[in-house]
Structure formats: C-alpha cells, structure tokens
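Enquirer: I'll drop the sequence and a predicted model, then ask my questions.
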Amino acid sequence: MTTATFSRQVESAVSPEGPRTALRERVLEALAAGMDRDEVYRVLNEIRREFRAEGRTYEEDVVLDVMDMLTDWSGPTSLV
C-alpha cells in the first residue's frame, strides 16, 4: 500500500458513521499490507495537522484517538 493510498483512505474513513472504527480498520489494513507503524503514524500526524489548519477539530480528534491506539496510549483499545 502506498502512502498516498493510505492517506486517501484515512481521509475517507473520517466520517460521521463510526469514524474511529472506520479509521482504525484502515490503519489495520495498512499494517497488514506491510506499511511500517512509524510511516502510518507519520501520515496520520500529517493529516491531523491539515485538519487543524482547516479548523476541522472533530476530524482532528478522531485521528488523534486512532494515533493513541496505534501507540498503545489508549490501553485495551490499542491496535497492538
């Protein structure tokens, strides 16, 4: 999976219908496809910064929650 493909999937996953679940699934797919955890985190962080710059706080919060899952910060809901 390319970074560009993953980036598009992240943006499309952040929607009103269960965005955290959808985004978490996209992250798991990227990891299963061989994308490095650090690269996934980097892409998520870039998208988060874009959302912040655009004033899209809801979407930024969704991405931050999934970033926490990726880094095991969220405990039992982590992606590990």
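Expert: The structure has been received and is ready for your questions. Numbering: from 1, shown residues only.
Enquirer: Now residue 35. Its backbone dihedrals?
Expert: phi -70, psi 140 (degrees, to the nearest 10).
Enquirer: Can you give me every residue that contacts it?
Expert: Going by Cβ atoms under 8 Å, 6 or more residues apart in numbering, residue 35 touches 1, 3, 6. All C-beta spots, glycine's among them, are computed from the backbone N, C-alpha and C.
Enquirer: Retrieve the pLDDT associated with it.
Expert: Among the per-residue scores, residue 35 shows a pLDDT of 95.
Enquirer: And for residue 11?
Expert: If you check residue 11, the pLDDT there is 74.
Enquirer: Use 18 as the first number from now on
Expert: With the count now opening at 18, the last piece we talked about shows up as residue 28.
Enquirer: That one and residue 89: what is the separation?
Expert: Noted for residue 28: a distance of 24 Å to residue 89, by Cβ to Cβ, to the nearest Å.
Enquirer: quick one, which of these two is more surrounded?
Expert: residue 28 (16 against 12; other Cβ atoms under 10 Å).
Enquirer: what ranges of the chain fall below the confidence cut-off?
Expert: 31-35, 90-97 (pLDDT under 70).
Enquirer: Output the longest helix belonging to it.
Expert: Scanning the chain for the helix with the most residues, using DSSP state H, yields helix 54-70.
Enquirer: Not counting that one itself, show me its contacts.
Expert: 20, 23-24, 27-28, 44, 47-48, 74, 76-77, 80-81, 83-84, 87-88.
Enquirer: Swap in 7 Å and give it another go.
Expert: 20, 23-24, 27-28, 44, 47-48, 76-77, 80-81, 83-84, 87 (Cβ atoms under 7 Å, 6 or more residues apart in numbering).
Enquirer: Among those residues, which one has the most neighbours?
Expert: residue 83 (29 neighbours).
Enquirer: quick one, what contacts that residue?
Expert: Contacts of residue 83 by Cβ under 7 Å, 6+ apart are 37, 40, 41, 44, 61.
Enquirer: Turn the residues you listed into JSON lines, including distance to residue 69 and secondary structure.
Expert: Shown next, in JSON lines, are these (distance: Cβ to Cβ, whole Å; DSSP: H, G, I helix; E, B strand; the rest coil):
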{"residue": "37", "distance to residue 69": "18", "secondary structure": "helix"}
{"residue": "40", "distance to residue 69": "16", "secondary structure": "helix"}
{"residue": "41", "distance to residue 69": "20", "secondary structure": "helix"}
{"residue": "44", "distance to residue 69": "19", "secondary structure": "helix"}
{"residue": "61", "distance to residue 69": "13", "secondary structure": "helix"}
